[in-house]
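>>> I would like to see how this sequence folds:
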Amino acid sequence: MARKPVEVYRGLFMVRFDSEASTRMEAVIGRFSDQKLAGERLSTHLTRFLGLWSRLAAYLDSKDVIGLEDLTMSVDVLDYFTSTTKWWTMTREKPWFIMRPPSRDPREFIKSIDSLQVDAPTLSRISGATDKLLSFLEEHNLANANARSELCATVRSTWTLLSAFMCKSQGRNITIEADFEVAYDIVRVLLFYISLNDFRALTAIRTLATNPKLPAAAMIGFSPGFEHQLDSSVAARLERLHGGRLAPLLLSAPGSSRTILTNSLRLLGQLQAADMGLTRIDEEHYDSIIMGAIGTLERTGVSPTLLGDERAALNLFNRLRPEEGVPELLNLMTRRLEGLIVDSTGNRDFLLQYARLVPRLVALLLLLASGTKTSSEYGLQDADLKRGLILFNALLEE
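Below you'll find the predicted structure:
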């Protein structure tokens with residue numbers, strides 16, 4: 001177990017909400033105040049759900065007070081469970097959020113829970129598990145009676161909601177005990193196994209894909225002269241020499257993996273040009289654009305030597321060889337990014353009009369993920385992709 005339960009629960013008790021927290025949560029879940037689930041207002045369950053993951057995020061980040069970032073992460077956790085399917089495959093052996101593309105509207109899905117019945121056996125299992133949790137908290141003398149009771153109610157509501165989400169996702173309107181078993185395991189995985197970066201990545205992928213800088217950058221083209229210089233660069237030569245090492249990534253990132261260096265420079269150049277108010281990047285801009293891109297990479301922890309030193313580039317390409325299952329994870333992540341970009345632009349044809357945006361975006365994501373790896377013992381892993389997302393998002397928010 002990655003984290004000891006007694007330490008986690010103690011940490012949850014130590015974290016407190018600021019004065020604005022309730023107002024912020026009300027803005028998210030107030031629309032569900034007229035609906036009920038298992039004898040309580042649906043909004044009450046949702047408030048407790050958001051509160052639990054806000055507390056956990058703050059605790060994992062070593063904070064005493066829950067801030068806007070923590071509340072935002074908890075809302076993204078709720079969105080994950082209500083907008084995607086197959087989340088129930090999360091296990092203690094593979095404790096991470098898989099960035100699947102959304103398959104339904106989360107608000108409509110939550111509203112549909114109103115018609116669902118939590119049956120007596122499921123309620124009995126939830127009640128029994130809540131009693132065991134209370135006994136555990138009392139045994140370890142954690143907090144006072146009121147705080148223990150509040151935390152138990154919070155976890156009970158979280159189990160209830162996840163049981164309902166599982167039931168509805170399976171096309172049923174009456175829960176079964178197996179729904180609770182899934183909910184119980186999921187809560188334990190989130191509390192004791194999943195890393196803080198996994199929570200951060202849920203927010204990062206949304207804010208990255210919906211950042212208005214991306215569509216602005218996508219509209220900026222390159223002159224033939226600029227392209228010629230880039231294609232003649234050391235970075236391009238290194239890609240031609242070593243790009244074949246990334247064959248396992250070709251199925252999930254066909255337009256990105258072989259040209260990870262030059263496509264990253266192109267997107268970073270487009271982002272700079274958008275900030276400068278340019279509509280096209282000409283040959284005369286080459287030196288300043290490339291130096292600016294290298295500077296941006298340096299600030300995120302990626303060494304400039306990767307773009308010009310053969311040994312460093314070879315190590316980079318070796319680190320990019322994906323571990324088992326990673327190509328599929330990258331493919332799902334890319335589809336989620338595409339869906340969010342289309343939704344944020346409000347234009348279904350946007351990615352057809354600017355087809356090079358996503359390959360360049362994925363190339364930069366891969367460069368950030370691999371270029372900041374501290375160990376070459378393993379190839380590209382899910383945790384690397386998540387770190388890349390977080391770094392990419394931070395880069396856009398500069």
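>>> quick one: the strands in the stretch 201-350 of the chain?
Using DSSP state E, counting those that start in this stretch, the strands of the stretch 201-350 of the chain run over residues 221-222, 280-281.
>>> Let's test this: mean pLDDT of the last one, rounded?
By that I understand strand 280-281. For strand 280-281, mean pLDDT is 96.
>>> Buried ones in the longest helix along the chain, by neighbour count?
Scanning the chain for the helix with the most residues, using DSSP state H, yields helix 145-169. Using 16 or more other C-beta atoms under 10 Å as the test for burial, helix 145-169 gives 148, 151-152, 154-169. In this view, the C-beta of every residue, glycine as well, is placed from N, C-alpha and C.
>>> Can I get whichever helix or strand comes after that helix as PDB, trimmed to CA atoms?
Next in sequence after helix 145-169, counting helices and strands by DSSP states H and E, comes helix 177-192. Taking Å, rounded to 0.1, in the frame of the first residue of the first chain, the C-alpha atoms of helix 177-192 are listed here in PDB:
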ATOM      1  CA  GLU A 177     -23.900  -5.500  -4.100                       C
ATOM      2  CA  ALA A 178     -21.300  -5.800  -6.700                       C
ATOM      3  CA  ASP A 179     -21.700  -2.000  -7.400                       C
ATOM      4  CA  PHE A 180     -20.700  -1.300  -3.800                       C
ATOM      5  CA  GLU A 181     -17.700  -3.600  -4.000                       C
ATOM      6  CA  VAL A 182     -16.500  -1.600  -7.000                       C
ATOM      7  CA  ALA A 183     -17.100   1.700  -5.200                       C
ATOM      8  CA  TYR A 184     -15.300   0.400  -2.100                       C
ATOM      9  CA  ASP A 185     -12.200  -0.600  -4.000                       C
ATOM     10  CA  ILE A 186     -12.200   2.600  -6.100                       C
ATOM     11  CA  VAL A 187     -12.300   4.800  -2.900                       C
ATOM     12  CA  ARG A 188      -9.400   2.800  -1.400                       C
ATOM     13  CA  VAL A 189      -7.300   3.100  -4.600                       C
ATOM     14  CA  LEU A 190      -7.900   6.900  -4.700                       C
ATOM     15  CA  LEU A 191      -7.200   7.400  -1.000                       C
ATOM     16  CA  PHE A 192      -4.100   5.100  -0.600                       C
END
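>>> neighbouring contacts of the helix or strand of the chain with the lowest mean pLDDT?
The weakest-scoring helix or strand in the chain, judged by mean pLDDT, DSSP states H and E, is helix 21-29 (a mean of 84). Contacts of helix 21-29 with the rest of the structure, by C-beta atoms under 8 Å, 6 or more residues apart in numbering, involve 43, 46-47, 50-51, 54, 66, 68, 71, 75.
>>> So among those residues, which ones count as buried?
43, 46-47, 50-51, 54, 66, 71, 75.
>>> can I get the residues you listed in TSV with secondary structure?
Shown next, in TSV, are the buried ones among the contacts of helix 21-29 (DSSP: H, G, I helix; E, B strand; the rest coil):
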residue	secondary structure
Ser43	helix
Leu46	helix
Thr47	helix
Leu50	helix
Gly51	helix
Ser54	helix
Ile66	strand
Leu71	helix
Val75	helix
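>>> Name the pair among those residues with the greatest separation in space.
Ser43 and Ile66 (18.7 Å; C-beta to C-beta).
>>> which residues touch Leu337?
Neighbours of Leu337 in contact, by C-beta under 8 Å, 6+ apart: 205, 208-209, 358, 361-362.
>>> again, but for Gln170
Asp179.
>>> What is the distance between stretch 51-61 and the centre of its chain?
Relative to its parent chain, stretch 51-61 has a centroid offset of 16 Å by C-alpha atoms, centre = their mean, to the nearest Å.
>>> Report the mean confidence score over that stretch.
97.
>>> what are the phi and psi angles of Arg356?
Backbone torsions of Arg356, given as degrees, to the nearest 10, read phi -90, psi -10.
>>> distance of it from Leu368?
Distance from Arg356 to Leu368, counting by C-beta to C-beta, to the nearest Å: 19 Å.
>>> neighbour count winner among those two?
Set side by side, Arg356 and Leu368 show more neighbours around Leu368, with 24 against 15, by other C-beta atoms under 10 Å.
>>> And for the more buried one, nearest residue in space, chain neighbours not counted?
Gly388 (4.1 Å; C-beta to C-beta, 6 or more residues apart in numbering).
>>> list the contacts for the one you found?
Gly388 neighbours (C-beta under 8 Å, 6+ apart): 365-370, 372.
>>> quick one: the longest helix of the chain to helix 177-192, angle?
With axes from the mean of the first three to the mean of the last three C-alpha atoms, to 10 degrees defining the directions, helix 145-169 sits at 130 degrees from helix 177-192.
>>> just how off-centre is helix 145-169 within its chain?
23 Å.
>>> What mean pLDDT does it get?
In this model, helix 145-169 carries a mean pLDDT of 98.
>>> just stretch 326-338 next, same as before
Over the span of stretch 326-338, the pLDDT mean works out to 93.
>>> Show me how far that stretch is from its chain's centre.
The chain centre lies 11 Å from the centre of stretch 326-338; the measure is C-alpha atoms, centre = their mean.
>>> Could I get the buried residue list for that stretch?
So, applying 16+ other C-beta under 10 Å, buried residues of stretch 326-338: 326-327, 329-338.
>>> likewise stretch 232-242?
Neighbour-count burial for stretch 232-242 [16+ other C-beta under 10 Å]: 233, 235-236, 238-239, 242.
>>> List just the nearest of the contacts of Leu337 to Phe109.
Set against Phe109, the nearest of the contacts of Leu337 by C-beta to C-beta is Ile205 (19.3 Å).
>>> Could you report the neighbour count for the closest residue in space to the closest one that isn't next to it in sequence?
Spatial nearest neighbour of Ile205, excluding adjacent residues (C-beta to C-beta, 6+ apart): Leu389 at 5.4 Å. Using other C-beta under 10 Å, Leu389 has 27 neighbouring residues.
>>> Please give the element, helix or strand, for Leu389.
helix 382-396.
>>> Where does the prediction get shaky in the stretch 251-398 of the chain?
251-257 (pLDDT under 70).
>>> What segments of it are helices?
Applying DSSP state H, counting those that start in this stretch to the stretch 251-398 of the chain gives helices spanning 260-276, 286-299, 310-319, 326-345, 350-353, 357-371, 382-396.
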